[in-house]
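>>> I'll drop the sequence and a predicted model, then ask my questions.
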Amino acid sequence: MIKLVQDILYKMGLIVKLVRPENNLWLQTRNIKNVLDIGANTGQFASRINEILPNVNIVSFEPIKKCYDELLIHTKGLKIKAFNFALGEVEEEQEINISAHSPSSSLLPMADLHKEVFAGTNFVEKEKISIKRLDAIFPELNIEGKFMVKIDVQGFEDRVIKGGLETLKKADFILIETSFEELYKDQLLFDGIYQLLIGIGFIFKGNLTQAINKKDGRILYAESLFFNANLN
C-alpha cells in the first residue's frame with residue numbers, strides 16, 4: 001500500500017520520504033481515547049487511525065458534501081461522529097475551491113508551485129460551506145479522556161488553530177500538515193505554525209513523513225508532531 005501511494009505521488013511530481021516508525025507502539029501506549037480528524041476528506045486518516053487504535057472514538061470534520069458522503073460510507077462500522085462543516089478562526093460561510101484531486105481542495109487560492117508540482121489538481125468548481133470555531137463546538141462533542149488532534153486542511157491550518165486555542169491546549173498531541181514552500185496563497189508556513197503551537201505549550205517532536213519535489217529535491221511539506229508539554 002505504501003509503495004502504491006509513493007508511485008502515485010511520484011507521477012504527480014513528488015517523492016515521499018517515509019520517516020514513520022516501523023511500529024506504532026509510541027501511539028498505542030499513550031492511552032488516547034478520542035481523535036479529532038480535522039480535514040477528513042473521504043476517511044483515509046480515520047481508517048488508518050482505527051487500524052492502530054481500534055477502540056478509539058473518532059470525530060471527523062469534512063466540509064465538501066461529496067467527500068463527506070464518501071466518508072460516511074468508508075467509515076461505516078467505526079466508532080465515528082462526522083460533521084459536514086469546516087473549522088476556522090471565525091464562524092461564517094465561504095466558498096471552498098474543489099480540486100480535481102479532492103484532497104487538494106482548499107479555502108485558499110492555489111499557488112503556482114502547487115500547480116507546477118501536482119499535475120491534475122487544478123480547481124474545477126466551488127461549493128458554499130459553513131465554517132465553525134473548534135472552541136465553540138467542542139463542549140457539544142462530550143469528549144472524555146485523552147485526545148489527539150489531526151489537522152490537514154490545505155493551507156488553512158493556522159485559522160483552525162486560532163479558532164481552537166483553548167481546545168488544543170487540552171490535547172495530548174497534534175499531528176498537523178506543515179508546508180515549507182507556499183502551496184496555497186497566504187498560507188502560514190512551518191515556522192508560523194511552530195510559533196503558534198509553542199505559544200500554547202506544545203513542543204515539536206519531528207515529522208512522520210515529508211514530501212520532496214522530485215524536480216529539485218526541495219522539501220515541500222510534512223506531517224509534523226507537536227506534543228503538549230504541559231501533559232507529557
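That came through fine.
>>> Averaged pLDDT, stretch 57-77. What do you get?
Rounded to a whole number, the mean pLDDT of stretch 57-77 is 97.
>>> Stretch 151-165 now?
Stretch 151-165 comes out at a mean pLDDT of 98.
>>> cool, and stretch 35-54?
Predicted confidence along stretch 35-54 averages 96 (mean pLDDT).
>>> If we go by neighbour counts, what in that stretch is buried?
Residues 35-46, 49-50, 53 are the ones in stretch 35-54 that count as buried (16 or more other Cβ atoms under 10 Å). For every residue, glycine as well, the C-beta is placed using N, CA and C.
>>> Sitting in helices, which of those do you find?
When DSSP state H defines the helices, the subset of those inside them is Gln44, Phe45, Ala46, Ile49, Asn50.
>>> need those residues in TSV with distance to Phe180, can you?
Below are those laid out as TSV (distance: Cβ to Cβ, whole Å):
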residue	distance to Phe180
Gln44	22
Phe45	21
Ala46	26
Ile49	25
Asn50	30
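>>> Alpha carbons only: can I get stretch 160-169 in PDB?
The C-alpha coordinates for stretch 160-169 follow below in PDB (Å, rounded to 0.1, in the frame of the first residue of the first chain):
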ATOM      1  CA  VAL A 160      -8.100  26.200  12.600                       C
ATOM      2  CA  ILE A 161      -5.600  26.700  15.400                       C
ATOM      3  CA  LYS A 162      -6.700  30.300  16.100                       C
ATOM      4  CA  GLY A 163     -10.300  29.200  16.300                       C
ATOM      5  CA  GLY A 164      -9.500  26.400  18.700                       C
ATOM      6  CA  LEU A 165      -6.700  27.600  21.000                       C
ATOM      7  CA  GLU A 166      -8.500  26.600  24.300                       C
ATOM      8  CA  THR A 167      -9.400  23.200  22.900                       C
ATOM      9  CA  LEU A 168      -5.900  22.500  21.600                       C
ATOM     10  CA  LYS A 169      -4.400  23.300  25.000                       C
END
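>>> Now do the strands in this structure.
Along the chain, the segments classed as strands by DSSP state E run 14-18, 34-38, 57-61, 80-83, 86-87, 92-99, 123-132, 147-151, 173-179, 202-213, 219-228.
>>> Export those as a markdown table, with columns for distance to Ser105.
What follows is these, written out as a markdown table (distance: least, Cβ to Cβ, whole Å):
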| stretch | distance to Ser105 |
| --- | --- |
| strand 14-18 | 17 |
| strand 34-38 | 14 |
| strand 57-61 | 14 |
| strand 80-83 | 17 |
| strand 86-87 | 10 |
| strand 92-99 | 5 |
| strand 123-132 | 8 |
| strand 147-151 | 15 |
| strand 173-179 | 14 |
| strand 202-213 | 17 |
| strand 219-228 | 16 |
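>>> right, so of these, which gets closest to Glu70?
strand 80-83 (10.7 Å; Cβ to Cβ).
>>> for this protein, where's the lowest mean pLDDT among helices and strands?
helix 2-11 (a mean of 44; mean pLDDT, DSSP states H and E).
>>> pretty sure Glu93 is in contact with Lys132, am I right?
No: look at Glu93 against Lys132 with Cβ atoms under 8 Å: they stay out of range, at 10.4 Å.
>>> Pick out whichever of these two has more residues nearby.
The residue with more neighbours, out of Glu93 and Lys132, is Lys132; 19 against 9, by other Cβ atoms under 10 Å.
>>> can you tell me which residues contact that one?
Phe85, Ala86, Leu87, Gly88, Glu91, Gly163 (Cβ atoms under 8 Å, 6 or more residues apart in numbering).
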